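In: turn this into a structure:
(one chain, ligands or ions: 1)
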Amino acid sequence: MTDAFTIERDAPLAARNTLRVAATARWLASVRDPAALPEVLGRREFRDVAVLVLGEGSNVLFTVDFDGLVLFPAWRDVRVVADDGRVARVRAGAGHGWDAFVDWTLAQGLAGLENLALIPGLVGAAPIQNIGAYGVEVRECIAAVEAWDRRAAGFARLDPSACGFGYRDSAFRREPERWIVTAVEFELDRTRAPRLEYAGVREELAGMGSPRPTPAQVAQAVRALRRRKLPDPAVVGNAGSFFKNPVVPAELAAQLRAANPALPVYPAADGSGKLSAAWLIEACGWRGFREGDAGISAQHALVLVNHGHASGAQLLDVARRVVASVEARFGVRLEPEPRIIGADF
Ligand code: NAP
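Out: Numbers count the residues shown, from 1 in each chain. All right, here's what the predicted structure looks like:
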């Protein structure tokens, strides 16, 4: 062992995933310095094993024990790399908590991340899923992503065009065995206008008496909304939205809308339509469903919940049944947002 990392065998993961599934990892490496990654990954016992980067574990479902190396990124450095008084470039280590980082940027007067306040997880996870909320995606503020490339066995710096960002998607998500994100560089503009397309945010701000809000006030509104609408993982195990909103061809969206006038449909890229997955799931009667300790939140139909001791397999079974019933009724196949370990969805 060195100061840069520690390695544990047969490590319990129940407290390391927000669905609170009692899985274990064959090895768990806590790495405090990304420069140690080549040494850790190059150890003989890890050469041919699966590697999983696990931060707050807020976007993962373990359906089996993890027979490989779980890597916990414990480096959290944040620094301003350039600032012209209007736009600043800020580089944050992958292990920094996301919401604490958002707070830090707002305290510096930097705008851009306020709609993404209170999203669980670490900075390093943000580009992987291209996290998004209330009309903003993190890619809008990303200047570069630094990562360890396991295929090339070297560090890489990717500009946004090389990151392959899509809706809750990226090149890092499509090749999870290849990339270990080590840092993200953001470009944040002090003069960026607030993004208030989502009715919920505008209503919350109106209620706060802030029709012309500062970025910090937008973040405050988003936090209040999220706290009210989403179950707290400290109270009931969950991984936030478990299903992505399906993006379907415009004709199918129009057909579904004609047959179901209350179905929310939003314009998406290339003229296709984004449907509300929560609406589809609720229409099939799943909201508040519970079987043993596995279920769907009564607060929000997108959220798979573990009321206590549900296994990953039980949670997966509920999720699959939700998908099957939505597909049978609407002909639309939902996809999970979290990474599923040990099963193909
Ligand atoms: P909501 O405001 O009840 O809206 C339901 C869905 O409709 C959302 O998923 C959103 O899609 C879409 N939508 C609403 N207004 C829209 C607009 N003006 N233009 C385009 N699409 C619109 O949603 P919610 O469930 O409470 O979530 C609020 C926001 O937080 C959403 O952006 C959601 O993605 C985000 N969120 C993310 C997670 C997660 O785990 N990733 C968990 C909870 C909430 P989008 O999802 O594409 O925005």
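In: pull the distance from the longest helix along the chain to the chain's centre.
Out: Secondary structure of the chain per DSSP state H: the longest helix is helix 312-330. Here helix 312-330 is found 21 Å from its chain centre; the criterion is Cα atoms, centre = their mean, to the nearest Å.
In: now swap in stretch 98-110 and tell me
Out: 18 Å.
In: and that stretch, which residues are buried?
Out: Using 16 or more other Cβ atoms under 10 Å as the test for burial, stretch 98-110 gives 98-99, 101-106, 110. Where you see a C-beta, it was placed from the backbone N, CA and C, and this is true even at glycine.
In: do stretch 238-254 as well
Out: For stretch 238-254, by 16+ other Cβ under 10 Å, it's 238-248, 252-253.
In: count the neighbours of the nearest residue to residue 274 once chain neighbours are set aside for me.
Out: Once flanking residues are discounted, residue 274 sits nearest to residue 268: 4.1 Å by Cβ to Cβ, 6 or more residues apart in numbering. The tally of other residues near residue 268 (other Cβ atoms under 10 Å) stands at 17.
In: where does the prediction get shaky in this structure?
Out: For the chain, applying pLDDT under 70 flags the ranges 1-2.
In: can you list the residues of it near the ligand?
Out: Contact residues (Cβ under 6 Å from any ligand atom) of the chain with the ligand: 132-135, 197-198, 200, 229-230, 240-241, 245, 264, 266, 274, 276, 278, 302, 337.
In: do that again at 5 Å, thanks
Out: Remark: the part of the chain in contact with the ligand comprises 133-134, 197-198, 200, 229, 240-241, 245, 266, 276, using Cβ under 5 Å from any ligand atom.
In: want to throw those residues into TSV with secondary structure?
Out: Listed next are these as TSV, based on DSSP: H, G, I helix; E, B strand; the rest coil:
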residue	secondary structure
133	strand
134	coil
197	coil
198	coil
200	helix
229	helix
240	coil
241	coil
245	coil
266	strand
276	coil
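In: ok, back up a step: now the residue nearest to residue 274. Its backbone dihedrals?
Out: Dihedral angles of residue 268 (phi, psi; degrees, to the nearest 10) stand at phi -120, psi -170.
In: who are the contact partners of it?
Out: By Cβ atoms under 8 Å, 6 or more residues apart in numbering, residue 268 lies in contact with 167, 247, 274.
In: burial count for the last one?
Out: Residue neighbour count, defined by other Cβ under 10 Å, stands at 18 for residue 274.
In: hey, what's it bridged with?
Out: residue 247, residue 266 (DSSP bridges).
In: ok, it to residue 198 distance?
Out: Residue 274 is 13 Å from residue 198, where distance means Cβ to Cβ, to the nearest Å.
In: do the first one as well
Out: Residue 167 sits 16 Å away from residue 198 when distances are taken as Cβ to Cβ.
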